[in-house]
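# Quick one, structure for this:
(4 chains)
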There are 2 protein chains.
Amino acid sequence: MKTTIYDVAEKAGVSISTVSKVINHQPVGMKSKQKVLDAMQELNYKPSVLASALTGKRTSTIGFLLPDIANPLIAEMARRVEDRAHEYGFNVVICSTDFKSEKEERYVSLLRQKRVDGFILAGGFRNKEVIHELISDNIPVILLSESQPYSSLTTVTVDNFLGGYELTAYLISLGHSRIAVIAEDNASSRERIRGYSQALQESDLDIHEDLIVVTDSTAESAQSLASSLLQSSNPPTAMICCNDILAIGALLAAREEHVLVPEELSITGFDNTLISKSSDPPLTTVEVPVQSMCSQAVDLLIDEIEGKASEKQKILVLPKLIVRRSTSRFH
Amino acid sequence: MKTTIYDVAEKAGVSISTVSKVINHQPVGMKSKQKVLDAMQELNYKPSVLASALTGKRTSTIGFLLPDIANPLIAEMARRVEDRAHEYGFNVVICSTDFKSEKEERYVSLLRQKRVDGFILAGGFRNKEVIHELISDNIPVILLSESQPYSSLTTVTVDNFLGGYELTAYLISLGHSRIAVIAEDNASSRERIRGYSQALQESDLDIHEDLIVVTDSTAESAQSLASSLLQSSNPPTAMICCNDILAIGALLAAREEHVLVPEELSITGFDNTLISKSSDPPLTTVEVPVQSMCSQAVDLLIDEIEGKASEKQKILVLPKLIVRRSTSRFH
DNA sequence: ATGAAAGCGCTAACAC
DNA sequence: GTGTTAGCGCTTTCAT
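Down below sits the predicted model:
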């Protein structure tokens, strides 16, 4: 049989409330405390988180909803969140929502039944109703890497605008002026495009709408889009791809069209994932400070859980340009 | 205030035990049942998993311990496990152990305090003591993708021996006879090497121990090892790398040494991860049927949890050779 | 400083 | 078929 607080109390010759007090670090007489500690040790006693949660304590568990844990970038975030949470003695329950409102709702509901202490919602949470329910039920929530503006929530995001801006400015500095963008249909990409536009404007370069194309998230469709771009009468000399996978697609397109990278075409990725290092040539890309973002998200969440959150805040972390061999000067 | 079983009972005009019975699908009179259902609906009642678990019911949560969720292959496994578990209404708590015995112990202990219903231990669990404790405490455990022989546990693994065998046999069929192996120091690699040796023997080819090298898990060290191999007086014409990342290292080494792949050197990976498709050239590799393995692992675990497991079994799933452009005939 | 006792929300006999 | 009641293991007043 599992050993309970009663067993410990009996062994230590005190009452269960005394045991409870030592568990919760409440004032207890020196000698009783020692006896209890000894008894706990001897019996290898572990308090039941269930029972304690039932009486109003926390479960020390947080729900982490994300689009798809199989996505390497997100997996990396999961790892960081997990590590940070464990530092505080919290466990993380991961649920992949595939951007499906319905799954989002189901998982949130499931996790609430299990009384998780709070949620981190990462990378595009569709179901606003669920979010509002969480807010109105006063459940701690952090939005991570999610550009949507929820005024009443704490969010942690990378500065996508700046990332797009820096990438573009770098390409301009290399002499490029016809720079295409292969984007996804989401808020992050839109921000990156804004940065791109800003950089062009600051250099008095025209923005050609036909150089900005939107694709789904596969390398294949990026490849076909990039091919069309290259076959056009006045092809771009550089392509900014809104993530590394899209950039791989562009790379394949260039190879197919016998366009040399980087001599004839510069290509950039975004996210600095593993494939940006292993591709040929390795990709110039933008590093997102995943670790810092995730640590902050966890810290903020736990602050809220423990009621010591000052107020909702928006945190913007800075991206970093990583120059590799997929870009070069344009003559 | 959260609505409880009492609220529902009151609203429906029945006793809490009747409500409990309808929740647990026990025989209840038609009309009472309907009233209860209505009340639950109206009050938006969700049973507390905590309370019910406290009385001996399950928590419908499983612990999934793995080396590192940031590893793409493992992330894919996590996704599959998660999906399958959700089909049964189970949640998954993921913990990355980094192969550290100490973390393994801490996480298992933490999760047991939270009364998870069972564990899936994936890809190399070091701490045998913890495993034995789990066994002796009669807690359901499945070993996933873990070649170590625990006689008293159900395991699900890919047939690494066969994978190594098929890869080697394929290279032999292409005319290769000097085939190197770049392996990791773990049970999977050892199995793959066994398959390699077997294939060589069946073709009456000699096994050269100096062609079998062991590295840590980084592309960098694989690269330097591959370089040495290529610089030797009698270099191999093919390299079997025990995972795709190592193969990328070999690819880089070949490029560095100006050895053409696949014309002068064939390279193979293992696992069929994303990078095996995006590399240049894309890698011939072995696909591990992750989805099937994970589904089976979850099914077996839940069978054990529900007490309807027949007996411990060893499941071996079959790998599949994927031929891409990193291998070619040797003249 | 310590203990007795009343819950937390639910399940499972047991009685009606 | 339905209700009563005693726990599950813990926290928390409230006495002592």
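
# For chain A, name the helix or strand with the lowest mean pLDDT.
The weakest-scoring helix or strand in chain A, judged by mean pLDDT, DSSP states H and E, is helix A:274-278 (a mean of 85).

# which residues touch that helix?
Residues from elsewhere that reach helix A:274-278 (CB atoms under 8 Å, 6 or more residues apart in numbering or on different chains): A:72, A:244-245, A:247-248, A:269, A:282-283, A:285, A:322, A:324, B:72, B:219, B:248, B:274-275, B:278-279. C-betas here are computed from N, CA, C, even on glycine.

# Return the residues in contact with the closest residue in space to A:L43 that isn't next to it in sequence.
Closest residue in space to A:L43, ignoring its immediate chain neighbours: A:T3 at 4.7 Å, by CB to CB, 6 or more residues apart in numbering or on different chains. Counting by CB under 8 Å, 6+ apart, A:T3 touches A:43-45.

# ok, now how distant is A:T3 from DNA strand C?
Relative to DNA strand C, A:T3 is positioned 18 Å away (CB to the nearest atom of the strand, to the nearest Å).

# that's a strand at that residue, yeah?
No. The assignment for A:T3 (DSSP: H, G, I helix; E, B strand; the rest coil) gives coil, which keeps it out of a strand.

# Just list the residues touching the closest residue to DNA strand C within the stretch 101-250 of chain A, thanks.
Nearest residue of the stretch 101-250 of chain A to DNA strand C (CB to the nearest atom of the strand) works out as A:Q113 at 8.7 Å. Residues in contact with A:Q113 (CB under 8 Å, 6+ apart) are B:46-49.

# DNA strand C next: which of the residues you listed are close?
Applying CB under 7 Å from any atom of the strand, the subset of the contacts of A:Q113 adjacent to DNA strand C comprises B:47-48.

# Apply the buried test to the contacts of A:Q113 and list what passes.
B:47-49 (16 or more other CB atoms under 10 Å in any protein chain shown).

# which residues in chain A form strands?
Assigned by DSSP state E, chain A shows strands spanning A:61-66, A:91-96, A:118-122, A:141-144, A:154-158, A:179-184, A:212-215, A:238-241, A:266-268, A:285-287, A:314-317, A:320-322.

# any idea which of those strands is most buried?
Of all those, strand A:238-241 has the most neighbours on average by mean count of other CB atoms under 10 Å in any protein chain shown, namely a mean of 32.

# For that one, the averaged confidence score.
Taken as a whole, strand A:238-241 has an average pLDDT of 98.

# Distance to A:F90 and pLDDT for the buried ones among the contacts of A:Q113 - can I get that in a markdown table?
A markdown table is the format used below for the buried ones among the contacts of A:Q113 (distance: CB to CB, whole Å; pLDDT from 0 to 100):
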| residue | distance to A:F90 | pLDDT |
| --- | --- | --- |
| B:P47 | 24 | 95 |
| B:S48 | 20 | 95 |
| B:V49 | 18 | 95 |
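
# Chain A: which of these is nearest?
Nearest to chain A among the buried ones among the contacts of A:Q113: B:V49, at 4.8 Å, using CB to the nearest CB.

# Tell me the spacing between the nearest residue to A:S217 once chain neighbours are set aside and B:F330.
Spatial nearest neighbour of A:S217, excluding adjacent residues (CB to CB, 6+ apart): A:E184 at 5.9 Å. Distance, A:E184 to B:F330, by CB to CB, to the nearest Å: 43 Å.

# If the nearest residue to A:Q313 once chain neighbours are set aside is in a bridge, with which residues?
Distances taken as CB to CB, 6+ apart place A:T154 nearest to A:Q313, at 5.5 Å, with adjacent residues excluded. Counting by DSSP bridges, A:T154 is bridged to A:I142.

# on that earlier part again, need the pLDDT of the residue nearest to A:L43.
Per the predicted model, pLDDT is 93 at A:T3.

# And the one 3 residues further on, by the same measure?
Model confidence at A:Y6, given as pLDDT, is 95.

# Return the distance of it relative to A:K46.
For A:Y6, the distance to A:K46 equals 14 Å [CB to CB].

# For A:I139, grab phi and psi.
phi -100, psi 130 (degrees, to the nearest 10).
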